[in-house]
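A.B. asks: no sequence on this one, just coordinates:
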């Protein structure tokens, strides 16, 4: 309660200070003051928009995997120190974090729904240990997982009952590759 009162008092004082300044300036130079207020308002709105869109912008400018000839995939390390890869799951683009600590493909609820999995009819009969604790898991079989020209059908996976931001590509899928290595900041997958 005391913290909320302090915030409200601060905002009221700020409003009085800014409002008083605007009233004085409006009397002396109304046109210039309105232009400056509009400019600062646009700067403020732009900063709010940038802050709200930053996760999407970061994912957009994060380096993406390169699909090379000979069934070779090179995944550069992301800005967060992890390897990220976009795969087509049941025909839908899903962004994964490559996680050698995960035993299988683990889909978050949002990604699972996007891939056409009916969350209402899943049987959460397993559990998995995550960085955020134990979560319930439901086994599923994905119709297809494709990365470039590399495609697999009937891929076992699990759906996690958690607020997973990005789905995980774990060892059961990575073991389908003949070679998995890290070289000079790139994760190399070869079939």
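C.D. replies: Good, I have the coordinates. Since the structure is predicted, the reported quantities are computational estimates derived from the model, not experimental observations. Residues are numbered from 1 along each chain as shown.
A.B. asks: report the longest strand in the chain, please.
C.D. replies: strand 133-147 (DSSP state E).
A.B. asks: so what secondary structure elements neighbour that one?
C.D. replies: Under the contact criterion of 3 or more Cβ pairs under 8 Å, 6 or more residues apart in numbering; DSSP states H and E, strand 133-147 touches strand 84-89, strand 105-107, strand 126-130, strand 150-160. From N, CA and C alone the C-beta is placed, and that goes for glycine too.
A.B. asks: Partner strands of that strand and their direction?
C.D. replies: Strand 133-147 sits in its sheet next to strand 84-89 (antiparallel), strand 126-130 (antiparallel), strand 150-160 (antiparallel), going by DSSP bridges.
A.B. asks: Nearest to residue 67, out of the ones you listed?
C.D. replies: strand 150-160 (8.0 Å; Cβ to Cβ).
A.B. asks: Any idea how far that closest one is from the middle of the chain?
C.D. replies: Relative to its chain's centre, strand 150-160 lies at 20 Å (Cα atoms, centre = their mean, to the nearest Å).
A.B. asks: The very next helix or strand once past it packs against which elements?
C.D. replies: Per DSSP states H and E, the first helix or strand lying C-terminal to strand 150-160 is strand 167-169. Applying 3+ Cβ pairs under 8 Å, 6+ apart, we find strand 167-169 packed against strand 92-98, strand 105-107.
A.B. asks: Appreciated, that's everything.
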